[in-house]
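Asker: A structural model of the following input is requested.
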Amino acid sequence: MSPPETFPKTFHVKSFGCQMNVYDGERMAELMAAQGLTQADAVDADVVVLNTCHIRERATEKVYSDIGRLRKDQRRKSGKTPMIAVAGCVAQAEGEEIFTRAKVDIVVGPQAYHNLPDLVAKAAAGTPSLDTDMPLLSKFGALPARRKVAPSAFLTVQEGCDKFCTYCVVPYTRGAEISRPFAAIVDEAKALVDAGAREITLLGQNVNAWSEDERGLHDLIRDLDRIPGLARIRYTTSHPNDMTQGLIDAHRDIDSLMPFLHLPVQSGSDRVLKAMNRSHTRDSYLRLLDRVRAVRPDIALSGDFIVGFPGETDAEFEDTLSLVDAVGYAQAYSFKYSPRPGTPAASIVEQVPEAVMDERLQRLQAALNRDQHAFNAATVGRTCSVLLERTGKLPGQLIGKSPWLQSVHLIGDHAIGDLVEVTLAAAGPNSLTGVERVREAA
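Answerer: So this is what the prediction gives:
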């Protein structure tokens, strides 16, 4: 049976937040394309999917603002009203409340987006649809085969979280920790390589919690390393509690596993870490990094920080700055604490004033930027491979990533997807300039 005339013909997916949302957005786009819809700009699309994130401050209000702006832009350009689907973690957290506050057609949670085509069909027939069920991984079996992808691709291997950090909504919006089956991951990785990927980043809320029977993430990486054509493997985001010796040793033993580790710490104060319900201490975290550096001395370290957690004192914030000084991060993400409804930290009376959080964040970011620039400068003169991923702004310029996840600019006669041996010639705060290595004739 052919679809009705009112069935949308074009779509647009806009994703916010983490890499897992990027992956989910790509999969939703593939679902829509498999139904015969054509991708379009947001101002032209018949159906727009807002794939939301609930981690950042005022995330929910930003969704409603985006809905209003989208409708205004479409009315101004074409006079039509798009079908709007709110997906992702805000959809899971808000549920039916979104229908009350905004006239949208679909609300679908991050574990149910495989049902998006059916929800679109119902909405096209005039029935707004809600699906915030959280079935165990059933969505992956319902997703279409991977198609042409970028040289660097994401692959979700684990979802959910059992850690229940007191500031975090992930256990409530993504559910409990669960690992995708080994065979399904390997099959998708092979499909990604066949579709053009040279590098795969394994994703999970706690990616290093992935397991199947007696196998851990390091075993999975060893098997993926055998896939012909897969040159690079990365993984994110890790939890210190799940950083096993097997995974540490994998950084020594597996050439395709890139020398980069994102390992969030959140604070340098033991009292704050305990209040956050983090399972590590300052000392155990630093000793863990020592073990990683012992097997891979050149590894680039990245982390996450929250400033202004309820009750954080000036001295406890100084503990965070001293931890930053001790580690020397190559990259890091830092945020002001913002309360999430329903999380334990939101009910703590002793909230840190906004002005104090602003000042602390500026000081922390200055230290992190200093260390990132220092790490980049220390790599000048190294020769390494760069995976070219996109064109730059200058004629003939291509931009790629070093093994340490640095952005590298290169001028040369190459194509996107090439792995090029370069010498890192100059460093800026956020990127480097590479010069292609000239090989001597034998």
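
Asker: so how far is stretch 245-254 off the chain centroid?
Answerer: Mean-position distance between stretch 245-254 and its chain equals 23 Å (Cα atoms, centre = their mean, to the nearest Å).

Asker: Okay, buried residues for that stretch please.
Answerer: Buried residues in stretch 245-254, counted by 16 or more other Cβ atoms under 10 Å: 247-248, 250-251. Every residue, glycine included, has its C-beta placed from N, CA and C.

Asker: now, which of those sits nearest residue 190?
Answerer: Set against residue 190, the nearest of those by Cβ to Cβ is residue 250 (19.9 Å).

Asker: before we move on, back to that, make JSON lines out of the buried residues of stretch 245-254 and add secondary structure and distance to residue 385.
Answerer: Below are the buried residues of stretch 245-254 laid out as JSON lines (DSSP: H, G, I helix; E, B strand; the rest coil; distance: Cβ to Cβ, whole Å):
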{"residue": "247", "secondary structure": "helix", "distance to residue 385": "23"}
{"residue": "248", "secondary structure": "helix", "distance to residue 385": "23"}
{"residue": "250", "secondary structure": "helix", "distance to residue 385": "19"}
{"residue": "251", "secondary structure": "helix", "distance to residue 385": "17"}
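
Asker: need those residues in CSV with distance to residue 26, can you?
Answerer: Compiled in CSV, these are given as follows (distance: Cβ to Cβ, whole Å):
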residue, distance to residue 26
247, 26
248, 30
250, 26
251, 27
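
Asker: got a list of contacts for the helix or strand hosting residue 289?
Answerer: Element membership of residue 289, judged by DSSP states H and E, is helix 282-295. The contact list for helix 282-295 (Cβ atoms under 8 Å, 6 or more residues apart in numbering) reads 240, 243, 245, 248-249, 251-252, 261, 263, 265, 268-270, 273, 280, 299, 301, 319, 323, 326-327.

Asker: Could I get the buried residue list for the top helix by length along the chain?
Answerer: Secondary structure assigned by DSSP state H gives helix 354-379 as the longest helix of the chain. For helix 354-379, the buried set under the neighbour-count rule, 16+ other Cβ under 10 Å, comprises 357, 360-361, 364, 367-368, 371-372, 375-376, 379.

Asker: Between the two ends of stretch 302-321, how far is it?
Answerer: Taking Cα to Cα, to the nearest Å as the measure, stretch 302-321 stretches 15 Å from start to finish.

Asker: what's the average pLDDT for it?
Answerer: Stretch 302-321 carries an average pLDDT of 98.

Asker: and the next element down the chain from the strand or helix carrying residue 191?
Answerer: In the assignment (DSSP H and E), residue 191 maps to helix 182-194. Remark: after helix 182-194, the chain's next helix or strand is strand 199-203, criterion DSSP H and E.

Asker: Pairing partners for that next one, with directions?
Answerer: Under the criterion DSSP bridges, strand 199-203 sits next to strand 152-156 (parallel), strand 232-236 (parallel) in its sheet.

Asker: just the angle between the last one and helix 182-194, please?
Answerer: In terms of direction (axes from the mean of the first three to the mean of the last three Cα atoms, to 10 degrees), strand 232-236 departs from helix 182-194 by 130 degrees.

Asker: go on, the first one?
Answerer: The directions of strand 152-156 and helix 182-194 differ by 160 degrees, with the same axes, to 10 degrees as the criterion.

Asker: residues in contact with residue 224?
Answerer: 185-186, 189, 200, 202, 230, 233, 256.

Asker: Looking at these, which is nearest residue 343?
Answerer: Among the contacts of residue 224, residue 202 lies closest to residue 343 (Cβ to Cβ), at 27.0 Å.

Asker: what sits against the closest one?
Answerer: For residue 202, the contact set (Cβ under 8 Å, 6+ apart) comprises 155-157, 185, 210, 217, 220-221, 224, 233-236.

Asker: can you put the residues you listed in TSV and add pLDDT and distance to residue 291?
Answerer: Below are the contacts of residue 202 laid out as TSV (pLDDT from 0 to 100; distance: Cβ to Cβ, whole Å):
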residue	pLDDT	distance to residue 291
155	95	26
156	93	27
157	96	23
185	96	26
210	97	20
217	98	16
220	98	20
221	98	17
224	98	23
233	98	20
234	98	19
235	98	17
236	96	19
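
Asker: Dump the contacts of residue 224 into TSV; add distance to residue 339 as well.
Answerer: What follows is those, written out as TSV (distance: Cβ to Cβ, whole Å):
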residue	distance to residue 339
185	36
186	41
189	39
200	36
202	31
230	42
233	37
256	41
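
Asker: Buried subset of the residues you listed as a PyMOL selection?
Answerer: Burial among the contacts of residue 224 is assessed by 16+ other Cβ under 10 Å; the matching PyMOL selection reads:
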select buried, resi 185+189+200+202+230+233+256
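
Asker: just how off-centre is the helix holding residue 191 within its chain?
Answerer: Here helix 182-194 is found 19 Å from its chain centre; the criterion is Cα atoms, centre = their mean.

Asker: what's near enough to touch residue 429?
Answerer: Contact partners of residue 429, counting by Cβ under 8 Å, 6+ apart, are 369, 372-373, 376.

Asker: let's go with 7 Å and repeat that
Answerer: Counting by Cβ atoms under 7 Å, 6 or more residues apart in numbering, residue 429 touches 369, 372-373.
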